Structure formats: structure tokens, C-alpha cells
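Student: Output the structure for:
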Amino acid sequence: MVCSFQALRQISLRTLSSTARRQVQNKVPEKQKMFQEDNGIPVHLKGGVSDALLYRFTMALTVLGTGYVVYELVSAALPKKK
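Tutor: As a prediction, the model looks like this:
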């Protein structure tokens, strides 16, 4: 019984340990240099191709959503004749 409590305690200490298993390189200074560089690119596109694709997808979704809302409003305002 005591042995199982000690094993449980040891497992819980391992899982809740604050030490990192592997060190991660700090990339914040590199990102700061990239985003603070004055090269005429808007900040929301400075991340590269992935940011540009995400921006275009968001804009397309916004335009399509706005068009659909306008279509539904018009169809609700002008009911079909029987």
C-alpha cells in the first residue's frame, strides 16, 4: 500500500515538473526584427506566404458572406408571388 502511494507520488511529480524536457530556441528577437523592418509591407502580410494566403481566404470569405447576407435580405424583403 505504501509502495503504491510512493509510486503515485513519484509519477505525479514527474508529470507536474516545471523543468523542460527539451530546450526551445527563443525566436522572438528574429520575429521582432522581421516585423519592425520598414519595407513597405503591411504588418499583417509580413509573415510571408502563409499570411498572404490567410488574408486572401479571409477576404474571400468576407465578400461571399456579405453577398449571401444581401441575397437573403433581398429575398426576405421581396417574397415570392403565388
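Student: Next up, the contacts around the residue lying farthest from the centre of the chain.
Tutor: What lies farthest from the middle of the chain is residue 82; by C-alpha atoms, centre = their mean that is 48.5 Å. With contact set as C-beta atoms under 8 Å, 6 or more residues apart in numbering, residue 82 has no partners. Just so you know, the C-beta spots here come from the backbone N, C-alpha and C atoms, and that holds for glycine as well.
Student: Any idea how far the longest helix seen in the chain is from the middle of the chain?
Tutor: As assigned by DSSP state H, the longest helix anywhere in the chain is helix 49-77. Counting by C-alpha atoms, centre = their mean, to the nearest Å, helix 49-77 is centred 19 Å from the centre of its parent chain.
Student: From residue 36, how far out is the most centrally placed residue in the chain?
Tutor: Residue closest to the mean C-alpha point of the chain, counted by C-alpha atoms, centre = their mean, is residue 54 at 10.3 Å. According to C-beta to C-beta, to the nearest Å, residue 54 and residue 36 sit 21 Å apart.
Student: since we're on residue 64, how many residues are nearby?
Tutor: 10 (other C-beta atoms under 10 Å).
Student: How about the one 10 residues further on?
Tutor: Other residues lying near residue 74 total 9 when counted by other C-beta under 10 Å.
Student: Same check on the one 5 residues further on?
Tutor: Neighbouring residues of residue 79 were enumerated by other C-beta under 10 Å; the total is 7.
Student: Could you tell me which ranges of the chain sit under the pLDDT cut-off?
Tutor: 2, 5, 13-21 (pLDDT under 70).
Student: try 50 this time
Tutor: For the chain, no stretch is flagged by pLDDT under 50.
Student: OK, contacts around residue 34?
Tutor: So residue 34 contacts residue 46 (C-beta under 8 Å, 6+ apart).
Student: Could you rerun that using 6 Å?
Tutor: Contact analysis of residue 34 by C-beta atoms under 6 Å, 6 or more residues apart in numbering lists nothing.
Student: Please give the element, helix or strand, for it.
Tutor: Element membership of residue 34, judged by DSSP states H and E, is helix 28-36.
Student: Just give the number of residues close to residue 52.
Tutor: Neighbours of residue 52 using other C-beta under 10 Å come to 14.
Student: Could you find the closest non-adjacent residue to it?
Tutor: residue 45 (5.7 Å; C-beta to C-beta, 6 or more residues apart in numbering).
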